[in-house]
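Participant: model the structure of this input:
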Amino acid sequence: MIKIGNIELPDHPLLLAPMEDVSDPPFRRLCKAHGADLMYSEFISSEGLIRDAMKSKMKLDIFDYERPVGIQIFGGDEEAMAQSARIVETVQPDLVDINFGCPVKKVVSKGAGAGVLKDIDLMIRLTKAVVTSTHLPVTVKTRLGWDDESINIDEVAERLQDVGVQALTVHARTRAQMYKGHSDWTHIERIKNNPRIHIPIFGNGDIDNPQKALEYKETFGLDGMMIGRAAIGYPWIFNEIKHFFNTGEILPPPTIKDRLDAAKNHLIWSMEWKGERLGIVEMRRHYTNYFKGIRGFKPHRLQLVTTDDPIELLALFDRIAEEYKDYVVE
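Facilitator: So this is what the prediction gives:
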């Protein structure tokens, strides 16, 4: 059993990564239903929370059915991070996570996310500010370093643990790599084998099928793994990995009905949470992933991304289901 503070997780838990414009409550609800053990909100700007920015506040929404769930914050100012941690605590998540790994320019240029990898002393001060401002467990997600010449994750892991971080997730790429090239989990394995480290260590990067998940589990010996992009439009990956861990068998792929039901529920929950118009529009980015590889689906996807009326949309799902009732997913 893996513990983060008072949170108890199963052996080798599967975590859903915090992903901007993806990991909202409707998507998390689907992933929870399909086996995710711990989930995180989209990352939230500490300055946005303090300004009472509507989008940032909305990201604080969590629901009991998705627990355990963490809220992730980012920023480059100690006082702002401390204040935002106190705000986060009021909605009672199970933990607070700090993002020191986001590589996008608009975040890095503000000295936040992966930008902090250039200044480890600042990273530690920001972390300490959060730890001392909340009674919740504090965890961190980061990267190996800024680039190949400055991989500093060994020092980072020890110093984060020393200031009170209770679990660490490492995306096994540098900031310079962004999301390209191969992730190198040997660096995370080294952290896990460090006799000074006693907190749970989770790996992230390139886990996109059950076979690879088992290979990485057995090769690197980490406490668990975080899955991000592979879950977009494919929440089944969590249960598929767990089934393979337990039996060595590959589950059959989700049927077209499974995919339609998931996408339809995702749409309904998005409209309920965001309002009809925004829920419909923001759902459109997901259809390509839900129906990837389905023969002849392009005209239906075009209809899904151009239909504005919710009643027509739901009826469209039913018509597609009837048309594809005999389709076999390969």
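
Participant: what's downstream of the strand or helix carrying residue 28, the next helix or strand?
Facilitator: Applying DSSP states H and E as the criterion places residue 28 in helix 25-33. Using DSSP H and E, the helix or strand that follows helix 25-33 towards the C-terminus is strand 38-40.

Participant: what is the mean pLDDT for the helix or strand following that next one?
Facilitator: Downstream of strand 38-40, the next assigned helix or strand under DSSP H and E is strand 44-45. For strand 44-45, mean pLDDT rounds to 89.

Participant: strand 44-45 pairs with which strands?
Facilitator: strand 69-74 (parallel) (DSSP bridges).

Participant: outside of the helix or strand following the partner strand itself, list whatever touches it.
Facilitator: Note on strand 69-74: by DSSP H and E, the next helix or strand toward the C-terminus is helix 78-89. Helix 78-89 is contacted by residues 44, 46-47, 49-50, 60, 71, 73, 75, 96, 98, 125-126, 129-130, 132-136, 138 when judged by Cβ atoms under 8 Å, 6 or more residues apart in numbering. C-beta coordinates here come from the backbone N, C-alpha and C atoms, glycine included.

Participant: give me the angle between whichever helix or strand comes after helix 78-89 and helix 78-89.
Facilitator: Heading C-terminal from helix 78-89, the first helix or strand you meet, by DSSP H and E, is strand 95-100. In terms of direction (axes from the mean of the first three to the mean of the last three Cα atoms, to 10 degrees), strand 95-100 departs from helix 78-89 by 150 degrees.

Participant: going forward, begin numbering at 700 instead of 1
Facilitator: With the count now opening at 700, the last piece we talked about shows up as strand 794-799.

Participant: figure out how far the helix or strand just after strand 794-799 is from the centre of its chain.
Facilitator: Next helix or strand after strand 794-799 toward the C-terminus (DSSP H and E): helix 804-807. How far helix 804-807 lies from its chain's middle: 19 Å, per Cα atoms, centre = their mean, to the nearest Å.

Participant: which neighbouring elements make contact with the helix holding residue 727?
Facilitator: strand 737-739, helix 955-973 (3 or more Cβ pairs under 8 Å, 6 or more residues apart in numbering; DSSP states H and E).

Participant: can I get these in JSON lines including distance to residue 869, mean pLDDT and mean neighbour count?
Facilitator: Formatted as JSON lines, the helices and strands packed on helix 724-732 follow (distance: least, Cβ to Cβ, whole Å; pLDDT from 0 to 100; neighbours: other Cβ atoms under 10 Å):
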{"stretch": "strand 737-739", "distance to residue 869": "15", "mean pLDDT": "96", "mean neighbour count": "26"}
{"stretch": "helix 955-973", "distance to residue 869": "29", "mean pLDDT": "96", "mean neighbour count": "18"}
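
Participant: among the ones you listed, which comes closest to residue 1017?
Facilitator: Nearest of the helices and strands packed on helix 724-732 to residue 1017, taken as Cβ to Cβ: helix 955-973 at 8.8 Å.

Participant: packing partners for the closest one?
Facilitator: Counting contacts by 3+ Cβ pairs under 8 Å, 6+ apart, helix 955-973 is packed against helix 724-732, helix 975-982, helix 986-989, helix 1009-1022.

Participant: quick one: low-confidence parts of the stretch 750-899 of the chain?
Facilitator: 752-753, 808 (pLDDT under 70).

Participant: what about the strands in it?
Facilitator: Counting by DSSP state E, counting those that start in this stretch, one finds strands in the stretch 750-899 of the chain at the ranges 768-773, 794-799, 837-842, 867-870.

Participant: export the ones you listed to a markdown table and tack on distance to residue 918?
Facilitator: As requested, those are arranged in a markdown table below (distance: least, Cβ to Cβ, whole Å):
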| stretch | distance to residue 918 |
| --- | --- |
| strand 768-773 | 27 |
| strand 794-799 | 25 |
| strand 837-842 | 20 |
| strand 867-870 | 15 |
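
Participant: of these, which is nearest residue 1017?
Facilitator: strand 768-773 (32.1 Å).
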